[in-house]
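1. okay, sequence plus prediction incoming.
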Amino acid sequence: GTLGRDTITQAITMTTTPTTKASNTEATKQGPPPSAVEFEPPLACVRRILKNSLPASTNVGKDASAAFARSTGIFIIYLTACANDFARENRRQTITANDVLAAVKELEFDEMSADLQKFLEQYREAEKSKKVAKAAAKKEAEDEETKLSTPVSVKSKEAAPDTEMKDDATDEEKEDDATHGDDGDSEVQAMEE
């Protein structure tokens, strides 16, 4: 492999010092902050993974959980270093998912490659679906806002009530005409005068 045993040994030696809350506080006061080499995933997450992957009858001690957490941190650092090598070989500073997949193969975890590739495809599809749904929701909100903010023309507002009034007046005039025998022209002439 590109990294070899020296990198693993270096990662293990840099992480063998146990970290406690007191030692982290003292290290922060006396020196630089803890490096990325001291990374450990949260113990609760490690325990959940162990619980879900082991038979229900299996118990895991606290020291074993801590060892799994430390091992996980070391593996992540090692995988990251290997993926970073692939990114640099391609003259990039950003590690891509393909770099991680290549690193997994390089570290001879070929049996995991198919599952990781499948997960990656599902993840990308889910992200694409989210993006499409977000764009559709945004477009729908813009359309709704456009409907609400579009002013109805003044002419159409005024025309509608006048038309109704004229229709009502016409009906009343028709009733008056029918009862009084008047054609309605005399009232219009009287109003104009």
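-> Great, that's in hand. Numbering: from 1, shown residues only.
2. please count neighbours and contacts with C-alpha atoms only from this point.
-> Fine.
3. which pLDDT does the model give Pro161?
-> Per-residue confidence for Pro161 comes out at a pLDDT of 53.
4. low pLDDT regions in the chain?
-> Within the chain, the stretches with pLDDT under 70 are 1-37, 150-193.
5. do you know how far Ala135 is from Ala141?
-> 10 Å (C-alpha to C-alpha, to the nearest Å).
6. and the helix or strand that contains Ser71, which residues are buried?
-> Counting by DSSP states H and E, the element that carries Ser71 is helix 62-89. For helix 62-89, burial by neighbour count (16 or more other C-alpha atoms under 10 Å) applies to 65-66, 68-74, 76-87.
7. which strands and helices sit next to that helix?
-> The helices and strands touching helix 62-89, judged by 3 or more C-alpha pairs under 8 Å, 6 or more residues apart in numbering; DSSP states H and E, are helix 4-14, helix 43-53, helix 97-106.
8. just the CA trace of the second one, in PDB.
-> What that stands for is helix 43-53. What follows is helix 43-53, C-alpha atoms only, in PDB (Å, rounded to 0.1, in the frame of the first residue of the first chain):
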ATOM      1  CA  LEU A  43     -18.800   6.300  23.000                       C
ATOM      2  CA  ALA A  44     -22.600   6.300  22.800                       C
ATOM      3  CA  CYS A  45     -22.400   6.000  19.000                       C
ATOM      4  CA  VAL A  46     -19.900   3.200  19.200                       C
ATOM      5  CA  ARG A  47     -22.000   1.300  21.700                       C
ATOM      6  CA  ARG A  48     -25.100   1.700  19.500                       C
ATOM      7  CA  ILE A  49     -23.200   0.300  16.500                       C
ATOM      8  CA  LEU A  50     -21.900  -2.600  18.600                       C
ATOM      9  CA  LYS A  51     -25.400  -3.300  20.000                       C
ATOM     10  CA  ASN A  52     -26.900  -3.300  16.500                       C
ATOM     11  CA  SER A  53     -24.200  -5.500  14.900                       C
END
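9. which outside residues touch that helix?
-> Ser65, Ala66, Phe68, Ala69 (C-alpha atoms under 8 Å, 6 or more residues apart in numbering).
10. now do the helix holding Ser71 against helix 43-53, angle only.
-> Counting by axes from the mean of the first three to the mean of the last three C-alpha atoms, to 10 degrees, helix 62-89 lies at 100 degrees to helix 43-53.
11. name the SS class of Arg91, please.
-> Assigned with DSSP: H, G, I helix; E, B strand; the rest coil, Arg91 falls in the coil class.
12. what of the one 3 residues further on?
-> Assigned with three-state DSSP, Thr94 falls in the coil class.
13. what helix or strand is Asn59 located in?
-> Counting by DSSP H and E, Asn59 is part of no helix or strand.
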